[in-house]
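Undergrad: Let me see the structure of the following:
(one chain, ligands or ions: 1)
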Amino acid sequence: MTIGPLDIVILISGRGSNMEAIIDAAHNHRIAVDIRAVISNEPDAAGLETAHQAGIDTQALDHRLFDNRDAFDAALIGLIDRHQPGLVVLAGFMRLLGKPFVQHYAGRLMNIHPALLPAFPGLNTHERALAAGVARHGATVHWVTDDVDAGPIIIQAAVDVKTGESAPDLAVRVLELEHRIYSKAVGWFADGRLSIESGNVLLDGKQQPQQGLMIEGSSGDGKTETD
Ligand code: GRF
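TA: Next comes the predicted model:
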């Protein structure tokens, strides 16, 4: 069923490469979304200029100007809801969002995390994965719930960790995966293909494994991707 184009708002804090991948997919009609706005809590975020250059409405909302998290979150809701989005996409948005915010966007708030959740929630994921000596590392797109980095998983992608690999090198390879899976997940939602039942993610009505659909990176075992 096609219900797009879906109005979305993207939240960023920095470079915005995941946002850029979604803009690229939208502008090339690979996904049926209309990016109504890009909002950053960091006024100097490089991604704001990238979005502006792409002809997208941009806004900055500096969290430092607010007394507390609730006040910032409420102002952010005000900015987002001007656009009445069907989906809010967190793309490197580095602020924790409070319960009222998460509940306000329940079922339409997506995040990308640079690790194979539930492993390595939080920050410095590549360093921690290397320190733990994992054989596989990757990225996860998930729905946002009250618990940080713990919502139902939509899709993951993984690569084999190379012997002696540095955290920056691993980060580059994982970021490539992020760009692939985030626009894919957003596109599925825009096409009405994603749903949730009792906390489980369904794609085309079929329940996904607990870790969501798994895509293998370049050094993986060559499983094929689902379009
Ligand atoms: C990505 O690795 C994302 O998973 C994490 O922060 C990074 C943001 O990168 N939350 P970018 O701003 O999308 O380039």
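
Undergrad: So, low pLDDT: which residues of this structure?
TA: Residue ranges of the chain with pLDDT under 70: 1-4, 210-212, 216-227.

Undergrad: where along it do the helices fall?
TA: Assigned by DSSP state H, the helices in the chain fall at 17-27, 46-53, 69-81, 99-104, 125-132, 167-190.

Undergrad: Nearest approach to A91 belongs to which of these?
TA: Ranking these by proximity to A91 (C-beta to C-beta) places helix 17-27 first, at 4.0 Å. Where C-beta positions appear, they are placed from N, C-alpha and C, glycine not excepted.

Undergrad: Can that closest one be said to contact the ligand?
TA: Yes - for helix 17-27, a contact with the ligand is found by C-beta under 6 Å from any ligand atom, at 17-18.

Undergrad: If you count neighbours, what's buried in that helix?
TA: Residues of helix 17-27 classed as buried: 17-23, 25-26 (neighbour count, 16 or more other C-beta atoms under 10 Å).

Undergrad: What count of nearby residues applies to K206?
TA: 9 (other C-beta atoms under 10 Å).

Undergrad: Leaving out the residues flanking it, which one is nearest to S13?
TA: Closest residue to S13 apart from its sequence neighbours, by C-beta to C-beta, 6 or more residues apart in numbering: M94 at 4.0 Å.

Undergrad: Kindly report the same for K99.
TA: Nearest residue to K99 in three dimensions, chain neighbours excluded: D146, at 5.6 Å (C-beta to C-beta, 6+ apart).

Undergrad: The one you found is in contact with P100, isn't it?
TA: No - contact criterion C-beta atoms under 8 Å: D146 and P100 do not qualify, at 10.4 Å.

Undergrad: shared neighbours of these two, anything?
TA: When C-beta atoms under 8 Å, 6 or more residues apart in numbering defines a contact, no residue borders D146 and P100 alike.

Undergrad: pretty sure I22 contacts A91?
TA: Yes - between I22 and A91 a contact is recorded at 6.9 Å, counting by C-beta under 8 Å.

Undergrad: My understanding was that L116 contacts I155; is that so?
TA: No - here L116 lies out of contact with I155, judged by C-beta under 8 Å, at a distance of 11.3 Å.

Undergrad: shared neighbours of those two, anything?
TA: T140.

Undergrad: So between these two, which is more surrounded?
TA: Between L116 and I155, counting by other C-beta under 10 Å, I155 is the more crowded of the two (26 against 22).

Undergrad: residues near the residue of the chain found nearest the ligand, how many?
TA: Taking C-beta to the nearest ligand atom, the ligand has its nearest neighbour within the chain at G92, 2.6 Å off. By other C-beta under 10 Å, 21 other residues sit near G92.

Undergrad: quick one, what contacts the residue nearest to S13?
TA: Taking C-beta under 8 Å, 6+ apart, we find M94 in contact with 13-14, 41-42.

Undergrad: try A51
TA: 10, 16, 19, 23, 35, 38, 58.

Undergrad: Of those residues - the most surrounded one?
TA: Counting neighbours by other C-beta under 10 Å, the top entry in the contacts of A51 is I10, with 31 neighbours.

Undergrad: With that, I have no additional questions.
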